[in-house]
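K.L.:
need a 3D model of the sequence below.
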Amino acid sequence: GDVFLVGDEAATAIAGALTVSKRDTTPVRGREASEVIDLYLRARHEYHKFWGDSNSRAIALFEEARAIAPEHPRVLGGYAMALMRRFQVEANQDGAAEQGRLVAHQALAVDPTNAEAHVALGGVAWALGDPVTAAREILAARHENPRLGDAKEICGRMLIEIGSIDAGIGLLQAAAEDEPGMRAHTIVDIARGLALQGRW
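P.N.:
Numbering: from 1, shown residues only. Next up is the predicted model:
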């Protein structure tokens, strides 16, 4: 409930980020809405810690939020990204890729402008060695939400891989500025880009 005690500007930004799309015919209201917001924000915080155990906590929180609001597009998008991360970093989690794709498509069916769902699809495609689909999805995410750090992060890593190292480093730095919780893992990719340029 304390999320509603923050300053007007922050409250407006949070509400804008979490507003259910007009396409959704079952908006979450009242006490349930505050529970969903709390769970979503806690899940995103755990997700940005990056490590496997924190990502597992993020998945559990997204699942709690989904139990309350099964078609909330932000919850679905965040959940899809956490499943994508599970596939990328945890051993023996091949099923998480398909589950993440299914949840991302569900999020896009509710709200076609869901940038997080595009990030999830792009991240899975990148991990599976499909750079064309990955690039298409990440560009869609950046179009829908230019400030989404997760999209900038993957795009930055992709640019480094294709040799546009300075542009990639710039996007990784911007991702960490937009979402400070990402700093711990973007710095590894920035260091890799610098090393590839011989800037030890």
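K.L.:
where does the prediction get shaky in this structure?
P.N.:
Counting by pLDDT under 70, the chain has low-confidence residues at 1-31, 50-52.
K.L.:
do that again at 90, thanks
P.N.:
Scanning the chain for pLDDT under 90 picks out 1-34, 47-55, 85-97, 127-128, 147, 176-186.
K.L.:
ranges for the strands of it?
P.N.:
Counting by DSSP state E, no segments of the chain form strands.
K.L.:
quick check, residue 88 in contact with residue 127.
P.N.:
Yes. Between residue 88 and residue 127 a contact is recorded at 5.0 Å, counting by Cβ atoms under 8 Å. Placement of C-beta: from N, CA and C, glycine included.
K.L.:
could you find the closest non-adjacent residue to residue 118?
P.N.:
With Cβ to Cβ, 6 or more residues apart in numbering as the measure, residue 141 is the residue that lies nearest to residue 118, at 3.7 Å, once sequence neighbours are left out.
K.L.:
for residue 113, which non-adjacent residue is closest in space?
P.N.:
residue 144 (4.8 Å).
K.L.:
no no, residue 153
P.N.:
Closest to residue 153 by Cβ to Cβ, 6+ apart is residue 175, at 4.2 Å.
K.L.:
can you check residue 49 too?
P.N.:
Using Cβ to Cβ, 6+ apart, the closest residue to residue 49 is residue 181 (6.9 Å).
K.L.:
so who does the residue nearest to residue 113 touch?
P.N.:
Counting by Cβ atoms under 8 Å, 6 or more residues apart in numbering, residue 144 touches 113, 114, 115, 118.
K.L.:
among those residues, which ones are in helices?
P.N.:
115, 118 (DSSP state H).
K.L.:
which of the contacts of residue 144 has the most neighbours?
P.N.:
Of all the contacts of residue 144, residue 118 has the most neighbours under the rule other Cβ atoms under 10 Å, reaching 30 neighbours.
K.L.:
my read: that one touches residue 135, true?
P.N.:
No. Under the criterion of Cβ under 8 Å, residue 118 lies out of contact with residue 135, with a separation of 11.2 Å.
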